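K.L.:
What follows is a predicted protein model with its sequence.
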There are 2 protein chains.
Amino acid sequence: MSEAPSTLPAHTLHICVTCRPKGAPPEAVRDGRLLYEAVATLHADWPGRAQVALNGVECMSGCDRACTVALSGPGKPSYLFCDKTPTAETAAAALDLAAQYAASETGVLMRGDRPGPFRSGILAKIPPAVL
Amino acid sequence: MSEAPSTLPAHTLHICVTCRPKGAPPEAVRDGRLLYEAVATLHADWPGRAQVALNGVECMSGCDRACTVALSGPGKPSYLFCDKTPTAETAAAALDLAAQYAASETGVLMRGDRPGPFRSGILAKIPPAVL
């Protein structure tokens, strides 16, 4: 495992750990938890971890569109993506997306540039507070 | 009209000016534009305008759930609300909600505390980047 970064990352990748598909039993392990854990395993040794923190969060108001994944960063739009499945492909794509976001001066993520699993299923793109 | 504030407001109330209900003709004046203009009229003389800027934005990815209204602020969650109608009541409630958000240390807006038109229809609550 890499050493912890010496300064706090400026960006955050949020994954809802309580997300579950419609009809999934609430007592079962949540799909959101599975996705978070898959990303966390990759994030531990990820070169971008000094720029992007990983945050497991309980609910981002996308309950009807599980699983949900979000990005936020200083002076950049906040994004909420939905309808994600807890696969290895999605986990890797979430970090690729986060790297794009951190590297972009504006934080704008054009559809055609985004990794496959994140080309669809946007619930929100909220501009930053400072315009 | 009040004088312009001497420093930039730290919070922003975003209203999508391109939002229109499903089936509304695209060439007609958009409901989102009507809502933005109603809020702008109130905002011009609003006591909270030093704390909250108003931003007319083109699309926040809530196109299926017009009209959409969002809030963002430093170190606070970003919210996207949907299914709003361009009425005087909604316009006044949007500023009341923005005042609550600006006054709250955490920026968390509990359902029961929010003005009536904003007690339902949340599309997203995205945590801030700095945790």
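P.N.:
Alright, I've got the coordinates. Residues are numbered from 1 along each chain as shown, chains lettered A, B, ... in the order given.
K.L.:
what's the closest non-adjacent residue to A:N55?
P.N.:
Computed as CB to CB, 6 or more residues apart in numbering or on different chains, the closest residue to A:N55 that is not its neighbour in sequence is A:H14, at 4.7 Å. For glycine as for every other residue, the C-beta is placed from the backbone atoms N, C-alpha and C.
K.L.:
burial count for that neighbour?
P.N.:
Burial measure for A:H14: 25 neighbouring residues, criterion other CB atoms under 10 Å in any protein chain shown.
K.L.:
which SS state does it fall under?
P.N.:
Assigned with DSSP: H, G, I helix; E, B strand; the rest coil, A:H14 falls in the strand class.
K.L.:
Kindly report the same for A:A70.
P.N.:
Here A:A70 is recorded as strand under three-state DSSP.
K.L.:
So it is in contact with A:C82, correct?
P.N.:
No. Counting by CB atoms under 8 Å, A:A70 sits too far from A:C82 to count as a contact (9.7 Å).
K.L.:
Counting neighbours, go ahead and name the busier of those two.
P.N.:
Neighbours around A:A70 and A:C82, counted as other CB under 10 Å, are more numerous at A:A70. The numbers are 26 against 23.
K.L.:
beta partners of the more buried one?
P.N.:
With DSSP bridges as the criterion, A:A70 is bridged to A:H14, A:L80.
K.L.:
Give me the distance between the residue nearest to A:N55 and A:L123.
P.N.:
13 Å (CB to CB, to the nearest Å).
K.L.:
Same check on A:V130?
P.N.:
23 Å.
K.L.:
which one of the two has more residues nearby?
P.N.:
Of the pair A:V130 and A:L123, A:L123 is the one with more neighbours under other CB under 10 Å, namely 26 against 15.
K.L.:
quick one, the helix or strand hosting that one and strand B:122-126 angle?
P.N.:
In the assignment (DSSP states H and E), A:L123 maps to strand A:122-126. For strand A:122-126 against strand B:122-126, the angle by axes from the mean of the first three to the mean of the last three CA atoms, to 10 degrees is 60 degrees.
K.L.:
And chain B, is strand A:122-126 touching that?
P.N.:
Yes. Contact of strand A:122-126 with chain B (CB under 8 Å from any CB of the partner chain) involves A:I122, A:L123, A:A124, A:K125, A:I126.
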